[in-house]
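S.K.: Got a sequence here, can you build the structure:
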Amino acid sequence: MSATAAFSDTGNSPKPLNQRSSAKVFRVSVTAAGENVLRYFLIALTILSVSAACLENGLHPGLLVLLPVIAAALWRRDYGQPFVWSERIVTLLFFVYVLVFSAGIVALEGRLALPLFMVYFTFGILMLRVLSPLTDRNLSQVIALSFGLVLINCILTNHLIFGLMLPVYLFVWMGTLLLFQLARNKTLSGEPVEPPSGKRFRESWYGKLAVYSLLVLGFTSILFVFVPRPFLVIPGLRAAMAHAGGLAELERRIAYREMTGMSGRNRIAFKIKLEHGRLPEFPYWRGRVLDKFNGRAWEASNTFRGMGKIIRASDAEKLVYRIMPFRLHSKTIYVSGLPVQVTGRLGRPLYVSASGEVVVDSPFLFSDSYEVTSVNRPVPASYRPEPINLDTEGLTPRIRQLAQGWTSRFNSPRDKAGVVMSRLRADYTYRLQPPAVPVDTHPVEYFLFESRAGNCEHFAGALCLMLRAVGVPARVVEGFAGMEDTPAKDEFIVRFARAHAWVEALLDGANWTSLDATPAMSGELARSRVWRFLTDLYDNVEYQWIKRVVYFDRADQADMFRGLSRLFSGQIPLPLGKVVAWLGYWLGALLGGIVLLAALIYVHHLRNKKTNISEIYINTMRYMVRKGVLSRVHPWHEDNTLEILERSPQCGDALSRFMAVYMQGRFGQQTMQVQNLAKARQELLQSVQAVAGARQ
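M.R.: This next block holds a predicted model:
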């Protein structure tokens with residue numbers, strides 16, 4: 001066999017010797033034993049990251065149809081060639097893609113939202129690299145971009161399911177990096193990599209992956225304790241990345257179409273822990289004040305002023321509680337009563353507006369819980385005139401005539417409001433999912449004169465417009481109504497099914513009086529107890545994940561070290577029984593994990609006993625090195641053959657038969673030659689042992 005015709009055993013197809021230098025620099029070559037594993041890890045990492053981005057982070061779910069294309073591109077046999085088109089064509093398509101999705105974002109959002117642009121741009125770069133020749137540079141970028149999408153997903157969503165998936169992400173990412181580095185080092189050095197065996201666990205790829213995983217786990221734990229996260233959830237960024245219609249989209253809700261379509265109505269919105277005072281039997285949790293009607297929906301005006309009056313209250317009158325948002329990711333904090341003070345992260349006060357709204361106006365104040373101090377008083381009217389609350393936009397002649405007809409016999413604002421509420425409750429029907437409002441039809445007018453059935457949005461909107469029609473300042477308030485007890489003392493929960501809308505009106509000129517024209521609601525929480533128990537369990541665990549992990553900050557860090565200091569100084573007694581139970585639980589879990597890992601490794605070892613042609617050849621050459629017949633395993637068959645014949649010519653016949661069977665099986669029917677090659681190998685090993693014995 002001539003030198004120019006010699007073939008390397010480091011790939012699935014033969015490569016001429018004069019192409020070895022280019023392969024070292026421009027492409028990734030992997031051995032037959034490691035190629036499939038690397039491709040499995042690459043496909044898993046990319047598909048996990050793209051799927052997570054499509055489900056949570058702004059990428060349209062329709063892009064999931066590209067997952068088979070990504071898998072096929074990463075599974076191709078030759079990474080040195082483009083998948084379908086040349087790299088120039090793929091690059092041109094990428095620029096067209098950037099223009100198309102940028103125009104789509106502007107058309108849907110009214111502006112080029114930077115978070116959405118970044119996610120779509122990252123996905124485009126990822127597809128560009130996947131479809132191009134997978135050189136070392138391109139393959140490195142695929143791994144980095146995939147892991148970047150994973151990190152964005154975990155940071156922006158903070159869902160428990162992605163917290164549980166994070167170890168899987170890290171495992172796949174580390175495995176991909178390790179296998180890629182092994183393949184790259186093998187190509188650059190020209191040395192074949194010995195397939196993993198049970199006797200060389202630490203030298204195998206899964207052994208190194210296990211060691212790296214333990215190191216990363218320990219390093220991550222240290223970073224978690226000593227490097228607290230200042231904030232991981234930016235409300236504006238979350239809102240820009242989230243899909244419309246999510247559970248937390250309550251900022252501009254009164255649009256006569258969104259509240260009824262809200263999914264997950266039985267999920268927990270927030271939990272209340274009462275610390276001082278007593279809550280009303282049926283509290284109203286105030287959120288945004290919506291004082292502007294554009295003919296289709298209620299919105300908040302642009303004016304946003306602070307509370308002009310200082311609220312003074314005695315300790316007996318104050319109500320103190322902690323509100324803990326679960327799946328309610330909003331900049332608005334829903335409070336009961338008139339808020340006196342609300343504190344966020346690190347005990348810093350939040351902004352309280354003149355309308356009694358509590359707003360997180362800084363991402364550094366966004367917290368897992370908020371302490372609220374309030375009083376059971378109505379919201380005081382501002383010293384400044386508020387003409388927006390008498391705005392007649394959207395008030396049609398039919399609505400004005402109906403309101404004046406109902407209130408013609410009354411003079412005071414309180415009497416007018418009372419009669420309008422009574423007529424709405426008596427003459428109209430509450431329906432959670434009312435008939436859809438026809439296109440180009442006034443929603444309140446359609447409710448009053450056509451359908452005569454609606455939900456709280458319709459009743460609140462109709463009451464507000466009719467009060468304005470008779471000269472009473474009024475505005476719509478969105479929030480929640482009611483609560484449920486929990487087994488814990490002084491603890492309550494509020495579900496999304498209790499999302500509600502009502503009206504506040506100036507009936508005496510000094511305070512805003514709450515008015516609710518919606519008839520009694522029933523049947524909204526009619527779900528099985530088992531289902532509600534499971535959803536509540538998940539929501540509580542997810543809240544602990546957010547509280548203990550996502551929002552771990554300097555205050556939590558200080559509390560942790562303060563508790564450890566008190567524990568070691570003997571100020572806190574440590575019950576022996578609890579310590580033993582705790583250690584037993586975690587030791588049992590650790591031993592169970594070790595047993596499971598050992599079982600998986602053993603199964604993998606049993607599968608590896610079915611060695612193939614290349615593994616038999618490499619192991620044979622390694623044996624030659626140990627016996628001193630060969631100095632090292634060369635990447636070219638001819639080099640190994642010539643050195644063995646030069647050092648031990650007595651093995652020539654057995655070596656010729658072994659190489660003949662190997663070459664026939666290597667480039668022919670491999671499965672038919674395994675047994676023949678094993679016999680030829682045994683004959684060669686006996687010949688080598690005889691030579692080694694004669695030398696001794």
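S.K.: I'd like the next helix or strand past the lowest-mean-pLDDT helix or strand in the chain.
M.R.: None of the helices or strands of the chain scores lower by mean pLDDT, DSSP states H and E than helix 20-26, at a mean of 40. Downstream of helix 20-26, the next assigned helix or strand under DSSP states H and E is helix 32-56.
S.K.: which helices and strands sit right next to that next one?
M.R.: When contacts are defined as 3 or more Cβ pairs under 8 Å, 6 or more residues apart in numbering; DSSP states H and E, helix 32-56 packs onto helix 67-74, helix 114-131, helix 136-157, helix 160-189, helix 613-626. In this view, the C-beta of every residue, glycine as well, is placed from N, C-alpha and C.
S.K.: if you set the cut-off to 10 Å instead, what comes out?
M.R.: Under the contact criterion of 3 or more Cβ pairs under 10 Å, 6 or more residues apart in numbering; DSSP states H and E, helix 32-56 touches helix 67-74, helix 114-131, helix 136-157, helix 160-189, helix 205-226, helix 613-626.
S.K.: Can you point out the buried residues in the last one?
M.R.: Along helix 613-626, the positions that meet the burial threshold by neighbour count (16 or more other Cβ atoms under 10 Å) are 613-621, 623-624.
S.K.: For residue 490, which residues are in contact?
M.R.: When contacts are counted by Cβ atoms under 10 Å, 6 or more residues apart in numbering, residue 490 touches 272-276, 278-279, 321.
S.K.: Buried only: go through the residues you listed for me.
M.R.: Listed as buried from the contacts of residue 490 are 272-273, 279, 321; burial here means 16+ other Cβ under 10 Å.
S.K.: is it possible to export those to JSON lines including distance to residue 296, pLDDT and secondary structure?
M.R.: Output for these, formatted as JSON lines (distance: Cβ to Cβ, whole Å; pLDDT from 0 to 100; DSSP: H, G, I helix; E, B strand; the rest coil):
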{"residue": "272", "distance to residue 296": "34", "pLDDT": "92", "secondary structure": "strand"}
{"residue": "273", "distance to residue 296": "39", "pLDDT": "91", "secondary structure": "strand"}
{"residue": "279", "distance to residue 296": "36", "pLDDT": "90", "secondary structure": "coil"}
{"residue": "321", "distance to residue 296": "36", "pLDDT": "93", "secondary structure": "strand"}
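S.K.: Show me which pair in these is furthest apart.
M.R.: Maximum pairwise distance among the buried ones among the contacts of residue 490 (Cβ to Cβ): 11.0 Å, between 273 and 279.
S.K.: Pull up the overlap in contacts between these two.
M.R.: Residues touching both residue 273 and residue 279 (Cβ under 10 Å, 6+ apart) are 321, 490, 492.
S.K.: just these now: which is nearest residue 267?
M.R.: residue 492 (15.5 Å).
S.K.: Surely that closest one is within a strand?
M.R.: Yes. The assignment for residue 492 (DSSP: H, G, I helix; E, B strand; the rest coil) places it in a strand.
S.K.: farthest-separated two in the contacts of residue 490?
M.R.: Across these, the longest distance by Cβ to Cβ is 13.6 Å; it joins 273 and 278.
S.K.: which ones are touching residue 69?
M.R.: Contacts were defined as Cβ under 10 Å, 6+ apart; by that measure residue 69 touches 83-84, 127, 130-131.
S.K.: Could you do residue 129 as well?
M.R.: With Cβ under 10 Å, 6+ apart, residue 129 has these contacts: 46, 73, 87, 90, 94, 135, 137-146.
S.K.: at 8 Å instead, please
M.R.: Applying Cβ atoms under 8 Å, 6 or more residues apart in numbering, we find residue 129 in contact with 138-139, 141-142, 145.
S.K.: Where does pLDDT dip in the stretch 201-350 of the chain?
M.R.: 201-213, 215-264, 302-304, 306-310, 329 (pLDDT under 70).
S.K.: Please enumerate the helices of it.
M.R.: Using DSSP state H, counting those that start in this stretch, the helices of the stretch 201-350 of the chain run over residues 205-226, 235-241.
S.K.: Domain map for the protein?
M.R.: 17-193, 251-531, 535-588, 613-695 (automatic domain parsing).
S.K.: any idea which of those scores lowest on pLDDT?
M.R.: Lowest mean pLDDT within the domains of the chain: domain 535-588, a mean of 68.
S.K.: Quick one: end-to-end distance for that domain.
M.R.: End-to-end distance of domain 535-588 (Cα to Cα, to the nearest Å): 28 Å.
S.K.: ok, what's across the strand from the nearest residue to residue 318 once chain neighbours are set aside?
M.R.: In space, and not counting its chain neighbours, residue 318 is closest to residue 373: 5.7 Å by Cβ to Cβ, 6 or more residues apart in numbering. As for beta bridges, residue 373 partners with residue 320, residue 341 under DSSP bridges.
S.K.: Please report how far residue 391 lies from residue 469.
M.R.: 11 Å (Cβ to Cβ, to the nearest Å).
S.K.: Same check on residue 437?
M.R.: When distance is defined by Cβ to Cβ, residue 437 is 20 Å away from residue 469.
S.K.: out of these two, which sits in the busier spot?
M.R.: Neighbours were counted for residue 437 and for residue 469 using other Cβ atoms under 10 Å; residue 469 has more, 24 against 20.
S.K.: which residues sit in contact with the more buried one?
M.R.: With contact taken as Cβ under 8 Å, 6+ apart, residue 469 is in contact with 392, 395, 399-400, 403-404.
S.K.: Now tabulate these in a markdown table and tack on secondary structure.
M.R.: Below are those laid out as a markdown table (three-state DSSP):
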| residue | secondary structure |
| --- | --- |
| 392 | coil |
| 395 | coil |
| 399 | helix |
| 400 | helix |
| 403 | helix |
| 404 | helix |
